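Colleague: show me how the following folds:
(one chain, ligands or ions: 1)
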Amino acid sequence: MSATTAPLAEARPTTAVQAVLADLERFPEIEVRHPSEHTLDYLHDAATRGARAGATAGPAVALPSTAEQVQRIVRIAAAHGVAIVPRGAGTGLSGGALATGGQLVVSTERLDRIMEVSPLDEVAVVEPGVLNAALNAHVAQWGLFYAPDPASYEISTIGGNIATNAGGLRCAKYGVTRESILALDVVLPDGELISIGHRSIKGVTGLDLVSLFVGSEGILGIVVRATVRLRPIPVARRTVTAFFDSTEAGASALAAITRSPVRPAVIEFLDERTLVNIDLHRTTALRARGASLLLIELDGYGIDEQFADLRDALEAVGGTVTAEGADDGDELWALRRGGRGLDDKTWFAGGDIAVPKSRIPEIYAALPGLEARFGVEIGSVAHAGDGNLHPIVTKPIPPGADPASPPAELHEAADELVRLALALGGTVSGEHGIGTVKRELAALELSPRSRDAQLAVKAAFDPFELLNPGKAL
Ligand SMILES: Cc1cc2nc3c(=O)[nH]c(=O)nc-3n(C[C@H](O)[C@H](O)[C@H](O)COP(=O)(O)OP(=O)(O)OC[C@H]3O[C@@H](n4cnc5c(N)ncnc54)[C@H](O)[C@@H]3O)c2cc1C
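Modeller: Below is the predicted model:
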């Protein structure tokens, strides 16, 4: 199967779902939405919008506002053998929140309270439906921030970030979501509520179930509360651009940063195709400044010293290095987060691979050959500081062609990139997860023994496959 297609969801409700809805009516405090055209948005995530095609109704949705309500919903659904799809904001890019009419979506959108902020412990306790940006806006009054920052930070939830072990731009310095989660309250598929982890920074009692649940894509339990790590807002931040004469030169320059003593908070790489696309669709002239761009954020003390070392390292390998003013810096970050300049005249297949960061140049070096072989164009941005690339394979839609039917070579090229990442010691998915869209590709990476062990873990928590079946494994 290709990296970006997903099975169509069957949207018709079953009698078992109707029985669940009837039981839930006894608890008016639990908001419930019956299958209808008004629940169509709950049918899919950002990667699986195709599931809407031909569907006239979405799935049944429960919107609990307390952990106890989540327990009740899960118990009622289990009693009727109805599978549950946990859902945050539905911004996922792997089909993890894809639902069918025979399932019940449990949305965390009403579980949106920040329960506690402890500046002295540097933690916050939050419900899963809190938006990433809302948490940061709230904790700023104590001079603190929550580090994981997927580009979707304004629209995705902490619960979804936890379930996908979301990455983002600042991972280069502060790590992915897993590095910022200390403890979780989770409702298991039988309705039991367990608390795992600890509020202390350290703690090694027993197996590390928090790490297991982070990134488990909603197949083991529903996260209803999280204790997350906060950090002091850096005393200074500076945006630095380094433009290069070619994509190859920019990709190779990453090693110069690694060899230097500087550890930027963010290192993003935009290749020539990406710069050209952004210029085409925005009022920018990035390509005029160079053929590729390392977009970097420095933070913390000694920012001038950091900048001097970074500039020396990048100029030595041909970079044109500039410390951007605050406004220009903000605009560049908005451009980077804001998309790649794709429009509805283009077929595209997105990717999310990761390789050891020293191998990034080899991925870029392979792109022209893949373009020629498959008759497509491939541009790629990279969270270069941690080796995570988002190649996007495109082809113009000819007049009269069906926009919803991209040619097979689009996905073949994307799948080939996954194989290349694996050959370079990398992985099928850097941060978006496996969901439904990458299950077959995941089998290329996981050994049978490792996959069996993971299925056994799933069975230990969810023997009747009631939680997000058909996802992740
Ligand atoms: C424009 C855009 C930019 C993006 N940029 C990034 C990026 O830089 N880095 C990155 O990692 N991702 C990125 N993403 C992908 C997506 O935003 C993340 O995967 C995000 O973590 C999903 O959060 P969500 O609240 O939308 O979760 P959903 O899409 O609703 O769900 C995602 C998965 O989590 C499960 N889930 C949700 N809530 C819970 C819960 N409380 N308990 C258990 N399971 C749960 C769901 O079942 C599903 O499997 C981007 C997406 C978009 C659209």
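Colleague: which SSE is residue 294 in?
Modeller: Residue 294 belongs to strand 292-299 when elements are defined using DSSP states H and E.
Colleague: next secondary structure element downstream of that strand?
Modeller: helix 303-315.
Colleague: buried sites along that following helix?
Modeller: Of the residues in helix 303-315, 303, 306, 307, 309, 310, 311, 313, 314 count as buried by neighbour count, 16 or more other CB atoms under 10 Å. Backbone N, C-alpha and C define where each C-beta goes, glycine included.
Colleague: residues making contact with the helix or strand just after it?
Modeller: Of the helices and strands lying after helix 303-315 in sequence (DSSP H and E), the nearest is strand 320-323. Strand 320-323 is contacted by residues 238-244, 289-290, 307, 310-311, 314-315 when judged by CB atoms under 8 Å, 6 or more residues apart in numbering.
Colleague: 10 Å instead?
Modeller: For strand 320-323, contacts defined as CB atoms under 10 Å, 6 or more residues apart in numbering pick out 238-245, 289-290, 293-294, 296, 298, 303-304, 307, 310-315, 328-329.
Colleague: nearest to the ligand, of the buried residues of helix 303-315?
Modeller: residue 310 (23.0 Å; CB to the nearest ligand atom).
Colleague: just checking, that closest one touches residue 298?
Modeller: Yes. In this structure, residue 310 is within contact of residue 298 by CB atoms under 10 Å, at 6.8 Å.
Colleague: shared neighbours, these two?
Modeller: Common neighbours of residue 310 and residue 298 (CB under 10 Å, 6+ apart) are 238, 240, 262, 263, 264, 323.
Colleague: hang on, the fifth one in a helix?
Modeller: In other words, residue 264. No. Going by DSSP: H, G, I helix; E, B strand; the rest coil, the assignment for residue 264 is coil, not a helix.
Colleague: residues of the stretch 351-473 of the chain that sit close to the ligand?
Modeller: Within the stretch 351-473 of the chain, the positions adjacent to the ligand are 431, 432, 468, 471 by CB under 6 Å from any ligand atom.
Colleague: now those in JSON lines, with neighbour count?
Modeller: Output for these, formatted as JSON lines (neighbours: other CB atoms under 10 Å):
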{"residue": "431", "neighbour count": "25"}
{"residue": "432", "neighbour count": "25"}
{"residue": "468", "neighbour count": "30"}
{"residue": "471", "neighbour count": "23"}
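Colleague: does stretch 106-119 come close to the ligand?
Modeller: Yes. With CB under 6 Å from any ligand atom as the measure, stretch 106-119 is seen reaching the ligand through residue 108.
Colleague: buried ones in that stretch?
Modeller: Buried residues in stretch 106-119, defined by neighbour count with 16+ other CB under 10 Å: 106, 107, 108, 109, 110, 111, 112, 117.
Colleague: closest to the ligand out of the residues of the stretch 351-473 of the chain next to the ligand?
Modeller: Nearest to the ligand among those, counting by CB to the nearest ligand atom, is residue 431 at 3.5 Å.
Colleague: between the residues of the stretch 351-473 of the chain next to the ligand, which is nearest residue 233?
Modeller: The closest of those to residue 233 turns out to be residue 431 (CB to CB; 23.7 Å).
Colleague: how much space separates that closest one from residue 93?
Modeller: Distance, residue 431 to residue 93, using CB to CB, to the nearest Å: 9 Å.
Colleague: overlap in contacts, these two.
Modeller: Here residue 431 and residue 93 have 150, 164, 352, 390 as joint contacts, going by CB under 10 Å, 6+ apart.
Colleague: what does the pLDDT read for the second one?
Modeller: Taken from the predicted model, the pLDDT recorded for residue 164 is 98.
Colleague: who touches the residue nearest to it when sequence neighbours are not counted in this structure?
Modeller: Computed as CB to CB, 6 or more residues apart in numbering, the closest residue to residue 164 that is not its neighbour in sequence is residue 433, at 4.6 Å. Neighbour list for residue 433: 47, 92-96, 160, 163-166, 215-218, 352, 442, 471-472 [criterion: CB under 10 Å, 6+ apart].
Colleague: likewise residue 61?
Modeller: 21, 31-36, 38-39, 41-43, 85, 87, 99, 104-107, 109.
Colleague: and it, backbone torsions?
Modeller: Dihedral pair for residue 61: phi -130, psi 130, per degrees, to the nearest 10.
Colleague: do the same with residue 332
Modeller: Torsion angles at residue 332 (phi, psi; degrees, to the nearest 10) stand at phi -70, psi -40.
Colleague: how many neighbouring residues does residue 73 have?
Modeller: Neighbour count for residue 73, taken as other CB atoms under 10 Å: 25.
Colleague: dump the residue contacts of it.
Modeller: By CB under 10 Å, 6+ apart, the contact list for residue 73 reads 20, 23-24, 27, 30, 32, 62-64, 84, 104, 106, 187, 191, 222.
Colleague: and the residues you listed, which are buried?
Modeller: Buried among the contacts of residue 73 by 16+ other CB under 10 Å: 20, 23-24, 30, 32, 62-64, 84, 104, 106, 187, 191, 222.
Colleague: what would these look like in a markdown table with secondary structure and pLDDT?
Modeller: What follows is the buried ones among the contacts of residue 73, written out as a markdown table (DSSP: H, G, I helix; E, B strand; the rest coil; pLDDT from 0 to 100):
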| residue | secondary structure | pLDDT |
| --- | --- | --- |
| 20 | helix | 97 |
| 23 | helix | 97 |
| 24 | helix | 98 |
| 30 | coil | 98 |
| 32 | strand | 98 |
| 62 | strand | 98 |
| 63 | strand | 98 |
| 64 | coil | 98 |
| 84 | strand | 98 |
| 104 | strand | 98 |
| 106 | strand | 98 |
| 187 | strand | 98 |
| 191 | coil | 98 |
| 222 | strand | 98 |
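Colleague: which of these sits closest to the ligand?
Modeller: residue 222 (4.4 Å).
Colleague: I figured that closest one hits residue 104, correct?
Modeller: No. Using CB under 10 Å, residue 222 makes no contact with residue 104, being 11.6 Å away.
Colleague: any residues in contact with both of these two?
Modeller: 73, 74, 84.
Colleague: and the second one, helix, strand or coil?
Modeller: Classification of residue 74 by three-state DSSP places it in helix.
Colleague: tell me who's in contact with residue 123.
Modeller: Contacts of residue 123 (CB under 10 Å, 6+ apart): 116-117, 139, 144, 180, 182-183, 199-201, 226-230.
Colleague: roughly how far apart are it and the ligand?
Modeller: 18 Å (CB to the nearest ligand atom, to the nearest Å).
Colleague: what do you get for residue 218?
Modeller: Using CB to the nearest ligand atom, one obtains 3 Å as the distance from residue 218 to the ligand.
Colleague: that residue touches residue 107, doesn't it?
Modeller: No. Checked against CB under 10 Å, the pair residue 218 and residue 107 is beyond contact range at 11.8 Å.
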